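Novice: sequence and computational prediction follow.
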Amino acid sequence: MDSEESNPSPVESSKKSKPKNPRKPKDSVLKQKSPAEFFADNKNIAGFDNPGKCLYTTVRELVENALDSAESISKLPMVEITIEEIGRNKFNSMIGLANHERVDAELYDDFESAKAREKRLAKEARIQEIQAKNASMGKKSKEPLTTKAIKGRGEASYYRVTCKDNGRGMPHDDIPNMFGRVLSGTKYGLKQTRGKFGLGAKMALIWSKMSTGLPIEISSSMKGQTYSTFCKLDIDIHRNIPHIHVHEKRDNKEQWHGAEIQIVIEGNWTTYRSKILHYMRQMAVITPYAEFLFRFLSDTPDKNATVRFTRRTDIMPPIPHETKYHPSAVDLLLIKRLIAETSKQNLLQFLQHEFVNISKSHAERLIGEMGPDFSPKMLVKSLTSQQIVRMHQLFRQAKFDDPSGDCLSPAGEYNLRLGIIKELHPDMVATYSGSAQVFEGHPFIVEAGVSIGGKDVKLGVNIFRFANRIPLLFEQGADVVTRTALKRINWNTYKINQIQDKIGVFVSIVSTKIPFKGTGKEYIGDDISEIAATVKTSIQQCCSQLKFKIVKKIQAREQQERKRNLTRYIPDVTSALYDVLKEMSAHAAKRTRYTGEDAELLKNVSVKAVTDQTLREKLARHVERVDYEMALDYATQSGVNEEPKENIFVQTLEESQFLDFHSPVFVFRLGI
Ligand SMILES: Nc1ncnc2c1ncn2[C@@H]1O[C@H](COP(=O)(O)OP(=O)(O)OP(=O)(O)O)[C@@H](O)[C@H]1O
């Protein structure tokens, strides 16, 4: 499909989209909706709630696609995101709309009548007077300096969002459907990916269609391609098909591969600025092997911002690979689909090859158990609905080995720790990576980190959640990680103060199926007991490591305190002791009960060979020695960390294998 500039009018396309159904009864109120229409009507369920959130979710969807794409070809990701503010005049000229000055001012929401204005100004003058009076008396005034003028709903703000990556790129012919057909994508298999639903990019396009009416622009090229694709399209909401404006091949002299997506939408940078930057920062924590360049451009130069999140390691987690279904993870519909799609002929081969953890002998036993109607050689496509139900019933009741986590790609304890240290600079950090666990036949791995102290960390528990290496920023309260950290961890046990310490809790969950609540990928519910239990153990593991360090720190502090106290009491103690000894030595000659060392001491006291000063010096020396020994003991056990230190990052060898050494206080990685 090449260049196609013609653009059917909306009227035409809606006429086409709703053919009259001749059989529809006259009084029927039945209607159908296309998936695109459904999501346009309910865009909030995909995270497109209001203009600010739409800007945030658009950035997020594009960044996550960029990372998925680069990682799928094992390329260290380089992602450039630019948000360019577009003023109203510029926007109008982009869409060919002449600027228009207000004629009937009273029509507008922010209109302030002369009387209201007079009243407001009088009030402001009064406040200023009070403030001046208070200032002269040295008092602070609580009144705000100005009262608010009437605020209308405000003008819409428009932004051009561009995201460029160095990933796989997209095949020329697939691009229109990838961006212009809701629920189409390449990530539907059983595989750990950030994307899943085939929805995100289309939602951004639907929002642009709803707010600016401008099409999306895609440039893309795949490795080794001599051309790049340029495609400009929007979406026919009623028919859920791409509406192509331009789709053409261009020269690719630089041998570039990747994708550049550009979209113009309404948004709100002011209210979502911090969320977007937060998202980028957390993405840098969980993806320290990626380079992100984030730019905000505006006509007002002091609003401009450039943030670069530099790559800190070139070790990428292994590529997650597609796996087969576990027999306990399938339902009737899925079994039917697998039967329809399988290339295997008979039942034995089908069971053996379309599922994990069913060996040949196991498959034979299962078929025997299904009943006399079944045989290993029977054609799988000839199974009746009843027979499929029987198979499903057996799958639910039979015992199968758990699926392995080999197909998963967790961030890795090394990367997680590096990310936390790089972005937060905590005083202490502990990380833990668990083994693969299972829920409903899907493997999952939980990794956790707990840090104490650090830059820009608030007092109390600060939660950082990640699912399939996506930061989750919204709906925090209902999430399994938040609930576990706040309600099920007894921080006191680990000598951590939940209110006064700056605690960072990082939990990253990866799985072939993340049980998100809703398509917005904002939180994981607390109702899956396997996940909740693993999250709890992982956080506890980190806390135990920290407790070890904290206890040592407390001991060192107590010891210092003890030394200070002992030293403070030395003069009093020694003079009291000396007085007693003096008294005893005065009567020693008359009594014979003192012998040996005691008698020697009393004699020395009486001849002033031992004085108050001698006792003082001896006791001070003793306190000093005990303190030194204890300090040495502490340092050998916990390492000296008061010395000047500098972070160093070792360049890794490409294609090498690594061996991790885990200790309660560090992870050491060796190339082998
Ligand atoms: N930057 C990109 N590079 C390569 N392919 C891309 C890129 N962006 C999108 N795609 C392709 O377009 C498809 C649709 O993307 P979309 O964001 O709509 O859904 P998704 O990522 O599959 O799932 P989700 O809705 O869960 O994000 C993707 O599956 C992918 O194949």
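Specialist: Sure thing, it's come through.
Novice: so which residues on the stretch 251-400 of the chain come close to the ligand?
Specialist: residue 259 (CB under 6 Å from any ligand atom). Quick note: C-beta positions are derived from backbone N, CA and C, even for glycine.
Novice: try 8 Å this time
Specialist: Taking CB under 8 Å from any ligand atom as the test, the list of the stretch 251-400 of the chain residues beside the ligand reads 258-259, 261.
Novice: next SSE after the helix or strand of the chain with the lowest mean pLDDT?
Specialist: Least confident helix or strand, the chain: helix 10-17 with a mean of 42, by mean pLDDT, DSSP states H and E. Using DSSP states H and E, the helix or strand that follows helix 10-17 in sequence is helix 35-41.
Novice: ok, which stretches of the stretch 151-300 of the chain are strands?
Specialist: With DSSP state E, counting those that start in this stretch as the criterion, the stretch 151-300 of the chain has strands at 157-165, 216-221, 227-236, 241-251, 258-267, 291-297.
Novice: now tabulate those strands in CSV and tack on mean pLDDT and mean neighbour count.
Specialist: Shown next, in CSV, are these (pLDDT from 0 to 100; neighbours: other CB atoms under 10 Å):
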stretch, mean pLDDT, mean neighbour count
strand 157-165, 96, 22
strand 216-221, 97, 23
strand 227-236, 96, 21
strand 241-251, 96, 17
strand 258-267, 97, 23
strand 291-297, 96, 18
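Novice: residue 375 is in contact with residue 364, isn't it?
Specialist: No. Residue 375 is not in contact with residue 364 according to CB atoms under 8 Å; the separation is 10.1 Å.
Novice: any idea how many residues pack against the closest residue to residue 177 other than its chain neighbours?
Specialist: Closest residue in space to residue 177, ignoring its immediate chain neighbours: residue 184 at 5.1 Å, by CB to CB, 6 or more residues apart in numbering. Residues lying near residue 184 (other CB atoms under 10 Å) number 19.
Novice: how about the strands of the stretch 151-300 of the chain, which one is nearest residue 368?
Specialist: Proximity to residue 368, assessed across these by CB to CB, is greatest for strand 241-251 (49.1 Å).
Novice: returning to that earlier point: got a list of what the residue nearest to residue 177 touches?
Specialist: 177-178, 198, 202 (CB atoms under 8 Å, 6 or more residues apart in numbering).
Novice: of those residues, which is the most crowded?
Specialist: The residue in the contacts of residue 184 with the most neighbours, by other CB under 10 Å, is residue 202 (29 neighbours).
Novice: can I assume it is in contact with residue 235?
Specialist: Yes. Between residue 202 and residue 235 there is a contact under CB under 8 Å: 6.6 Å.
Novice: just give the nearest non-adjacent residue to residue 543, would you?
Specialist: Using CB to CB, 6+ apart and skipping the chain neighbours, the partner closest in space to residue 543 is residue 494 (4.0 Å).
Novice: from the ligand, how far out is the one you found?
Specialist: Remark: distance between residue 494 and the ligand (CB to the nearest ligand atom, to the nearest Å) = 37 Å.
Novice: what pLDDT is listed against that residue?
Specialist: According to the prediction, residue 494 has pLDDT 94.
Novice: what about the one helix or strand residue 388 maps to, average pLDDT?
Specialist: Assigned by DSSP H and E, residue 388 belongs to helix 385-397. The average pLDDT within helix 385-397 is 94.
Novice: what's next to it, contact-wise?
Specialist: 327-328, 330-332, 335-336, 339, 366, 369-371, 373-374, 383.
Novice: those residues in helices, which ones?
Specialist: 332, 335-336, 339, 366, 369-370 (DSSP state H).
Novice: which residues of the chain lie near the ligand?
Specialist: Near the ligand, when you scan the chain using CB under 8 Å from any ligand atom, you find 46, 61-62, 64-66, 68-69, 163, 165, 167-170, 174, 178-179, 184-188, 193-204, 220, 258-259, 261, 519, 521.
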